[in-house]
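S.K.: here is a sequence together with a model predicted from it:
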Amino acid sequence: MEDFGKKMERIVPMQTPLTNNFAWINSHGGRRCEIFEKQWLNCASKLGLHKAEKECKLELIDLKECERMDIAYKRYMRMQEERQKKGLPYQDPPPYDTLPYQKFKTVVF
């Protein structure tokens, strides 16, 4: 949490034409977490960085979950454990040409 907070301090929680031009340098723009970062920045730019730590906590939690995928990974591991307990075989993967590759290329498990 502390290292994440230090990273967020580098992001200027203020929207001006200058910060909008250089926002892509240290951001998730065009990646999986872009929406969550935008929500946090909108909230933080209205309140300021110190108030945003308390008031925008839900947006920050969503952004951290998107970056780290802790909950999704734990859910995946529980599903694998349940599969092993029941002794279910793994299903064959679908044919390669049926997968929408562009949707899943940024998913990390």
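M.R.: Received the coordinates, thanks.
S.K.: where does pLDDT dip in this structure?
M.R.: Applying pLDDT under 70 to the chain picks out residues 1-15, 19-30, 94, 96-109.
S.K.: any chance you could map the helices in it?
M.R.: 2-10, 17-22, 34-47, 49-55, 57-68, 70-86, 101-104 (DSSP state H).
S.K.: for those, which one ends up most surrounded?
M.R.: helix 34-47 (a mean of 17; mean count of other C-beta atoms under 10 Å). Glycine gets a C-beta too; all of them are placed from N, C-alpha and C.
S.K.: distance to P93 for the helices of the chain - can I get that in a markdown table?
M.R.: Below are the helices of the chain laid out as a markdown table (distance: least, C-beta to C-beta, whole Å):
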| stretch | distance to P93 |
| --- | --- |
| helix 2-10 | 35 |
| helix 17-22 | 42 |
| helix 34-47 | 29 |
| helix 49-55 | 43 |
| helix 57-68 | 26 |
| helix 70-86 | 15 |
| helix 101-104 | 12 |
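S.K.: for P95, which of those is the nearest?
M.R.: Closest to P95 of those, according to C-beta to C-beta: helix 101-104, at 12.5 Å.
S.K.: E55 reaches S45, doesn't it?
M.R.: No. Counting by C-beta atoms under 8 Å, E55 does not reach S45; the two are 12.0 Å apart.
S.K.: overlap in contacts of the two?
M.R.: With contacts defined as C-beta atoms under 8 Å, 6 or more residues apart in numbering, no residue is shared by E55 and S45.
S.K.: now G87: phi and psi?
M.R.: phi 70, psi 30 (degrees, to the nearest 10).
S.K.: and it, how far from E81?
M.R.: G87 sits at a distance of 12 Å from E81 (criterion: C-beta to C-beta, to the nearest Å).
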